[in-house]
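Participant: coords below, sequence missing:
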């Protein structure tokens, strides 16, 4: 079990090294403008983050192997919500960090339903990793990710800590220019013996799968194509907004340039005055 966890974790860590989100040809054809202040190429598409949220379902399986009888199998079904931060325009790969909170509502032991002794039971889940995004003719966007996974779960007997790796496959449906429907699933393979059970009841195997349905509203990450088309009035307002934004950006750039010229002129004037004073002091 530990070997499988290590292999999956190594694969998750090496995932960014073997994947790219943009074609090399597109990167080469992109015009580069040098920033006069830093000397580095100007960033054409600046990175930013978007926020996703929605409902989540999880099913957790823990197995304790037995030699003389059937294995002991514990399963927990949970419902909850997730919150996710996803980067955009980050090279070479974008990444996601997802936090979920769950309430376990169904327990089984060897397929027999169990009644929990405590009322307040919960679990927290964390998934983080790089992400690849592509599309199917602009109607559906696909995303894939492999990353590190962690979960904390409170049960009647133990405080369980799971640590391992996971795989994510999902869809993004562009509902409207600013609204996107998110649907994805993850499969995680974990080592479950970091909690209080490690000395009393260590488990041999543990895996879980998650199903998530969410939504994203973003003004920056607008959908160029969407199922609900933008009205003409909205297009006019958006064009005016972009025009005002461009004018504001140009005004700031002009103000910085004028300030730089004024600063250079003042320095030149100070140098001239200093030379004149030096000449007067000379015998």
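Facilitator: Everything's here; your move. Computed from a predicted model, the values in this text were never measured in an experiment. Residues are numbered from 1 along each chain as shown.

Participant: Can you find the helix or strand in this protein with the smallest mean pLDDT?
Facilitator: For the chain, the helix or strand with the lowest mean confidence is helix 24-29, at a mean of 46 (criterion: mean pLDDT, DSSP states H and E).

Participant: wouldn't residue 132 be in contact with residue 144 here?
Facilitator: Yes. Proximity of residue 132 to residue 144 meets the contact threshold set by Cβ atoms under 8 Å, at 4.7 Å. All C-beta spots, glycine's among them, are computed from the backbone N, C-alpha and C.

Participant: Just the buried residues of stretch 192-204, please?
Facilitator: 192, 193, 195, 197, 203 (16 or more other Cβ atoms under 10 Å).

Participant: Would you mind measuring the gap between the ends of that stretch?
Facilitator: Criterion Cα to Cα, to the nearest Å; first-to-last residue distance in stretch 192-204 is 8 Å.

Participant: what's next to that stretch, contact-wise?
Facilitator: 1, 62-65, 157-163, 206 (Cβ atoms under 8 Å, 6 or more residues apart in numbering).

Participant: for stretch 228-246, same thing?
Facilitator: With Cβ under 8 Å, 6+ apart, stretch 228-246 has contacts from 175, 176, 177.

Participant: okay, those residues in JSON lines with neighbour count, distance to residue 212 and pLDDT next?
Facilitator: As requested, those are exported to JSON lines (neighbours: other Cβ atoms under 10 Å; distance: Cβ to Cβ, whole Å; pLDDT from 0 to 100):
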{"residue": "175", "neighbour count": "15", "distance to residue 212": "16", "pLDDT": "95"}
{"residue": "176", "neighbour count": "16", "distance to residue 212": "20", "pLDDT": "93"}
{"residue": "177", "neighbour count": "19", "distance to residue 212": "23", "pLDDT": "91"}
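
Participant: Give me the next element, helix or strand, following the host helix or strand of residue 168.
Facilitator: Per DSSP states H and E, residue 168 falls inside strand 159-174. Using DSSP H and E, the helix or strand that follows strand 159-174 towards the C-terminus is strand 179-191.
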